[in-house]
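K.L.:
Sequence plus predicted model, see below.
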Amino acid sequence: MKRYMLLQKDRWDAVSNTNDSLRQELTEAIKFLESIKSGNLQAMYEGDRQSEFGLALTSLRDRMVELNQEEEQRNWINRGLATFSDILRQQQDDIHQLFDQVVSKLVNYLGVNQGAIFVLNDDDPDDAHLELISAYAYEKKKHVDMRVGLGEGLVGQCFLEKDLIYLSDVPRSYIRITSGLG
């Protein structure tokens, strides 16, 4: 009988320990989910991250982070489309004003330093070239006359290939900046 009681006590202790572990795990899960519910998608799950339950919770959070990033990207695109639709609506009379507005808004919207719009001048088929129509750099409209041959430089190459060129390793001397200030 004494042995039976010891077995029962061991079983009861095991059940009690399991119950305590489950209670602790559930408490951590609730804290984690409440944190996510309040908008903290960087919350860390403090329970057993390797358990199926912990993996499911962190997987849920990671998916919510992905969905949030996708939503932010869609919103950014929609705001940009609305901005440029407004420009197109407002600048229907003057094509040069339209180009100036588009390039300045685009530079600022993308957070880049400079931008330019070139158009094809093929009035003389033997002398087809790209002309700089509008340029914007460092928060100011730039007045520069520039002519680029088809296939010449990056602009001419982009035109011929009808594709983007993305430079990731730009030499320091690549961009020429001139100023009347110094």
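P.N.:
Yep, it's here.

K.L.:
contacts, neighbours, all on C-alpha from now
P.N.:
Noted.

K.L.:
how about the helix or strand encompassing Val102: buried residues?
P.N.:
Applying DSSP states H and E as the criterion places Val102 in helix 95-110. For helix 95-110, a neighbour-count test (16 or more other CA atoms under 10 Å) marks 98-108 as buried.

K.L.:
Can you tell me which helices and strands the very next helix or strand once past that helix packs against?
P.N.:
Downstream of helix 95-110, the next assigned helix or strand under DSSP H and E is strand 114-121. The contact analysis (3 or more CA pairs under 8 Å, 6 or more residues apart in numbering; DSSP states H and E) places strand 114-121 against helix 95-110, strand 129-137.

K.L.:
Could you export the ones you listed as CSV, including distance to Tyr166 and mean pLDDT?
P.N.:
As requested, the helices and strands packed on strand 114-121 are arranged in CSV below (distance: least, CA to CA, whole Å; pLDDT from 0 to 100):
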stretch, distance to Tyr166, mean pLDDT
helix 95-110, 15, 88
strand 129-137, 19, 88
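
K.L.:
Point out the one among these that comes closest to Gly153.
P.N.:
Ranking the helices and strands packed on strand 114-121 by proximity to Gly153 (CA to CA) places strand 129-137 first, at 11.3 Å.

K.L.:
The closest one pairs with which strands, parallel or anti?
P.N.:
Take DSSP bridges as the rule and strand 129-137 pairs in its sheet with strand 114-121 (antiparallel), strand 140-142 (antiparallel), strand 147-149 (antiparallel).

K.L.:
Ser51: which of those is closest?
P.N.:
Using CA to CA, the nearest of the strands paired with strand 129-137 to Ser51 is strand 114-121, at 51.1 Å.

K.L.:
tell me which residues of the closest one are tucked away?
P.N.:
114-118, 120.

K.L.:
what does stretch 122-134 give?
P.N.:
Across stretch 122-134, burial judged by 16+ other CA under 10 Å covers 129-134.

K.L.:
Val155: which of the residues you listed is nearest?
P.N.:
Leu130 (8.4 Å).

K.L.:
Please tell me I have it right and that closest one contacts Gly153.
P.N.:
No - Leu130 is not in contact with Gly153 according to CA atoms under 8 Å; the separation is 11.3 Å.

K.L.:
pLDDT at Val119, what is it?
P.N.:
We have a pLDDT of 90 for Val119.

K.L.:
Now do the contacts for it.
P.N.:
130-133 (CA atoms under 8 Å, 6 or more residues apart in numbering).

K.L.:
Please convert the helices and strands packed on strand 114-121 to JSON lines, extending it with distance to Ala43.
P.N.:
Shown next, in JSON lines, are the helices and strands packed on strand 114-121 (distance: least, CA to CA, whole Å):
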{"stretch": "helix 95-110", "distance to Ala43": "30"}
{"stretch": "strand 129-137", "distance to Ala43": "41"}
